[in-house]
Structure formats: C-alpha cells, structure tokens
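> Starting from these lines, generate the structure:
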Amino acid sequence: MKQDHQHAIGVPISAPPNQSVAIAGEFSSGLCDCFSDCSLCCMTCWCPCITFGRIAEIVDKGSSSCGVSGALYSLLLVLTGCQWIYSCTYRSKLKAQLGMPENSCGDCCTHFWCEACALCQEYRELQHRGYDLALGWQGNEERKNQGMVPPSMAGGMTR
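Presented below is the predicted three-dimensional model:
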C-alpha cells in the first residue's frame, strides 16, 4: 500500500522490503563513524545543505523537498549560524519515527558541537534502513512498489 505524503510524528518510517533494520533504541553506526563513507563525509563537510535536505525529505515523507529544506538550512547557516537548531529538530523527528528514545538536550549538543557527524550518522541510518537518499522520497516509494504487479483479471464474461 502506498503511503500518502503526510507527516506523522510517531509513525515509524518503514523500511523497503527485504532490508535489515537496526535495533530500536540506537543508531546502527556511531557518531564518529563519519569516515566509513568518505564520499558522504566530504559532501557533508563541504555542502551540508545537501545532506540535510535529503534527510529532511525522507523524514518528512516527501511533504518537504530536498531543495527547499537545503536552501532554508543554508540561509540559516549564512544569516545566523544557527542551522544546527533546525537540523536538531529533524534528528528528534527521525528518532521518534524509528522508535528511539528521545534525548533533546543530548541531540542539541550533538548538533551544536558536531553538526557534520550528526548529519552523517542520520544519513547512514536511513541508508541502513534501505533508503537511497539521492532518489528522494518519491524515488524510494517507486522503488519499493516496483515489484508489485496488479492482479490479473479474467478475460470476458464466463459461466
């Protein structure tokens, strides 16, 4: 069943079929495992707005686009330097959807002190759960539904 583009906190993000899921309550990788994916690490260090935008689109289940979220992140970064507050709210949303315990103070500190590490960890978590963040929400939905074939109908009227 295809999910609507509704944002519902507390409704878990379901993994695409045949994908492993981490134990609820913890991330599948550590905060300092940034270098396990060097291309992600480089993208996040030089263009965190892309990493954040991709995370936000998946967490918001397509109700916000990567471009809009990334642009808002960039504006907050350039104008105030407080983009970490915005990204921290998405860490909280992600954790709520995945059934992880909430730690608002810890999450804010994580994003304040190590923004790039936090974004990389969230990105890796969504990848671990089967998402290809470069495809966006719609692309992942299409990929998830790709193997589904509608039931065949019997031809004509027969008795």
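> how near is L119 to T51?
5 Å (Cβ to Cβ, to the nearest Å). In short, each C-beta sits where N, CA and C put it, glycine included.
> One more: E57?
Separation of E57 from T51 (Cβ to Cβ) stands at 11 Å.
> where do the contact lists of L119 and T51 overlap?
T44 (Cβ atoms under 8 Å, 6 or more residues apart in numbering).
> And for G136, the neighbour number?
19 (other Cβ atoms under 10 Å).
> residues in contact with it?
By Cβ under 8 Å, 6+ apart, the neighbours of G136 are 54, 57-58, 62, 65-66.
> and which of those residues is nearest to D107?
The closest of these to D107 turns out to be I58 (Cβ to Cβ; 17.6 Å).
> I figured that closest one hits Y131, correct?
Yes - counting by Cβ atoms under 8 Å, Y131 is a contact partner of I58 at 5.6 Å.
> ok, and the closest non-adjacent residue to L77?
Q83 (4.1 Å; Cβ to Cβ, 6 or more residues apart in numbering).
> Show the average pLDDT along the host helix or strand of S69.
Using DSSP states H and E, S69 falls within helix 66-79. Per-residue pLDDT over helix 66-79 has a mean of 97.
> What of stretch 144-159?
Here the average pLDDT along stretch 144-159 is 60.
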